[in-house]
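S.K.: next input, structure requested:
(2 chains)
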There are 2 protein chains.
Amino acid sequence: MEQQLPSKLLQAAVDELSRLPGVGKKTALRFALYLVKQPRADVERFGHTFIALRNEIKHCSVCNTLSDTELCEICGNSRRDRSIVCVVESIREVLSIENTRQYNGSYHVLGGIISPMDGIGPNDLKIDLLLERVSRGDIKEVLLALNTTMEGETTCYYLYKKLREFDISITTIARGVGFGDELEYTDELTLGRSIKNRQPFAPN
Amino acid sequence: MEQQLPSKLLQAAVDELSRLPGVGKKTALRFALYLVKQPRADVERFGHTFIALRNEIKHCSVCNTLSDTELCEICGNSRRDRSIVCVVESIREVLSIENTRQYNGSYHVLGGIISPMDGIGPNDLKIDLLLERVSRGDIKEVLLALNTTMEGETTCYYLYKKLREFDISITTIARGVGFGDELEYTDELTLGRSIKNRQPFAPN
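M.R.: Numbering: from 1, shown residues only, chains lettered A, B, ... in the order given. Purely as a prediction, here's the structure:
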């Protein structure tokens, strides 16, 4: 696949598709050949969908999540508890947490995570917007729900330093052994912490 | 991901992207979120590329490969040997064979392979176009280069039956143990055939 494709149209499509994360030239070619076989109307809609997405999508003015409207569905829902804010990296974690149906508060989407390796510092994230929300005084709890990676921990610690000046509780999602995990194969750090932070046994 | 996304724009993009072969909802969402972060002009180009591909690409009138022009680059190249035709399933195999730089003949792209399971019969492939080419009398050899699957073998046999009435040689790519393969892990059929069809040792 080092050489150029014999068709410039196909080459252009492969070049565009291989820009997608995790897509190489071979996969991009498979995608392009699939599109060639689809009805014209379907491919028209395929192409225009992304242009509409990019041109029309907004970031919620309160929580920064992607939304079709100025205020997202969750922030605009009066039945959600606005006194608790769950801080996440992206809309993906919002969706994962919503899927659990265990959370009825609001969110704050940072739009990334502090990662010096990728050149992403605190100023690249929507941290000011979060501090502004908290400074208004209606928020009682900030729940930090970031990935348990080095970058996630760094970001949590940065946020903690910024947030502790406010009179709110700062919490983080429970770390421990996942459901269905076997202790034998659980890494030492996770297992060690789950013993240290042991909880009263609650049958049910 | 069973639930609908909170944004209709994002949902539409995810629906479109998850139609691509091998792309699930999670991957489609990753692609869509990537696109949201790109400059508008890039996404415009991204979308329009596929529409142009679908509306403007042609099938070469001689060999049926995808081409920007009525006659593809290979069929239009007078330095290629037109007396030999390599029959392949799709343009992907054309590219693989071109990459080897071992072949200077022409191609014939069937546009698929006989596969009753997928409802693809001989009439769905460009077999008539091949027979028409051969019947013109300029072709001396047809090289069958199909995958060594059940469907590939069936298609080879079908083509053989149709082609043997012409005064041409019908060949197939050599089957055997691949370079770098360990005999211990080679399947019995391949190993057995490679012993039966053993060749004179040619140092080089």
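S.K.: domain-wise, how is chain A divided?
M.R.: Domains of chain A are assigned by automatic domain parsing as A:8-56, A:71-200.
S.K.: relative to chain B, which of those is closest?
M.R.: For chain B, the closest of those is domain A:8-56, at 3.8 Å, according to Cβ to the nearest Cβ. Yep, even glycine has a C-beta here, placed from its N, CA and C like the rest.
S.K.: how about the closest one, does it reach chain B?
M.R.: Yes - contact of domain A:8-56 with chain B is found when judged by Cβ under 8 Å from any Cβ of the partner chain, involving A:8-10, A:12-13, A:16, A:19-23, A:27, A:29-36, A:38, A:40, A:43-56.
S.K.: in space, what's closest to the most centrally placed residue in chain A - neighbours in sequence excluded?
M.R.: Taking Cα atoms, centre = their mean, the centroid of chain A lies closest to residue A:90, which sits 2.2 Å from it. Distances taken as Cβ to Cβ, 6 or more residues apart in numbering or on different chains put residue A:109 closest to residue A:90, at 6.2 Å, once the chain neighbours are dropped.
S.K.: go on, residue A:76?
M.R.: Among residues not flanking residue A:76 along the chain, residue A:69 sits closest, at 7.5 Å (Cβ to Cβ, 6+ apart).
S.K.: mind listing what the one you found touches?
M.R.: Residue A:69 is in contact with A:58, A:60, A:76, counting by Cβ atoms under 8 Å, 6 or more residues apart in numbering or on different chains.
S.K.: which residues does whichever strand or helix holds residue A:189 contact?
M.R.: Element membership of residue A:189, judged by DSSP states H and E, is helix A:188-196. Here helix A:188-196 makes contact (Cβ under 8 Å, 6+ apart) with A:175, A:176, A:177, A:183, A:186.
S.K.: in that helix, which residues are buried?
M.R.: Within helix A:188-196, the residues that qualify as buried are A:190, A:191, A:194, counting by 16 or more other Cβ atoms under 10 Å in any protein chain shown.
S.K.: sorry, back to before: quick check: the farthest pair among the contacts of helix A:188-196?
M.R.: Across those, no pair lies farther apart than A:175 and A:183, at 15.0 Å, counting by Cβ to Cβ.
S.K.: residues near residue A:142, how many?
M.R.: Using other Cβ atoms under 10 Å in any protein chain shown, residue A:142 has 23 neighbouring residues.
S.K.: for residue A:21, that is, sorry about that
M.R.: Residue A:21 has 9 nearby residues by other Cβ under 10 Å.
S.K.: residue A:26 too?
M.R.: As a burial measure, residue A:26 scores 13 neighbours (other Cβ under 10 Å).
S.K.: mind listing residues that contact the strand or helix carrying it?
M.R.: Using DSSP H and E, the element containing residue A:26 is helix A:25-37. By Cβ under 8 Å, 6+ apart, the list of residues contacting helix A:25-37 from outside reads A:1, A:5, A:10, A:13-18, A:20, A:23, A:43, A:46, B:20-22, B:50, B:53-54, B:57, B:66, B:90-92, B:95.
S.K.: where do the helices sit along chain A?
M.R.: Listed in chain order, the helices of chain A (DSSP state H) span A:8-17, A:25-37, A:40-56, A:91-100, A:127-135, A:150-163, A:188-196.
S.K.: by mean pLDDT, flag the weakest helix or strand of chain A.
M.R.: One helix or strand of chain A scores below all others by mean pLDDT, DSSP states H and E: helix A:188-196, with a mean of 82.
S.K.: okay, it in CSV with CA atoms only?
M.R.: The C-alpha trace of helix A:188-196 is given here as CSV (Å, rounded to 0.1, in the frame of the first residue of the first chain):
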residue,chain,number,x,y,z
GLU,A,188,-1.4,-5.5,43.2
LEU,A,189,-2.2,-1.8,43.4
THR,A,190,-5.9,-2.4,42.9
LEU,A,191,-6.1,-5.3,45.3
GLY,A,192,-4.0,-3.6,47.9
ARG,A,193,-6.2,-0.5,47.8
SER,A,194,-9.4,-2.6,47.9
ILE,A,195,-8.3,-4.2,51.1
LYS,A,196,-7.2,-0.9,52.6
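S.K.: so who does the nearest residue to residue A:152 once chain neighbours are set aside touch?
M.R.: Leaving aside its chain neighbours, residue A:152 sits nearest to residue A:146 (3.8 Å; criterion: Cβ to Cβ, 6+ apart). By Cβ under 8 Å, 6+ apart, the contact list for residue A:146 reads A:87, A:88, A:89, A:113, A:152, A:153, A:155, A:156.
S.K.: can you pick out the most distant pair from these?
M.R.: Between any two of the contacts of residue A:146, the greatest separation by Cβ to Cβ is 14.8 Å, found for A:88 and A:153.
S.K.: neighbours around residue A:132, how many?
M.R.: Neighbourhood size, residue A:132 [other Cβ under 10 Å]: 10.
S.K.: wait, residue A:103
M.R.: 16.
S.K.: so residue A:111 touches residue A:64, yeah?
M.R.: Yes - contact between residue A:111 and residue A:64 holds when scored by Cβ atoms under 8 Å: they sit 6.1 Å apart.
S.K.: list residues touching both of those two?
M.R.: By Cβ under 8 Å, 6+ apart, residue A:111 and residue A:64 have these common neighbours: residue A:126.
S.K.: among those two, which residue is more densely surrounded?
M.R.: Taking other Cβ under 10 Å, residue A:111 and residue A:64 do not tie; residue A:64 has more neighbours (23 against 20).
S.K.: tell me the pLDDT of the residue nearest to residue A:18 when sequence neighbours are not counted.
M.R.: Distances taken as Cβ to Cβ, 6+ apart place residue A:28 nearest to residue A:18, at 3.9 Å, with adjacent residues excluded. Each residue has a pLDDT score; the one for residue A:28 is 95.
S.K.: ok, residue A:89 next?
M.R.: pLDDT at residue A:89 comes out at 94.
S.K.: what of the one 3 residues further on?
M.R.: You'll see residue A:92 listed with a pLDDT of 89.
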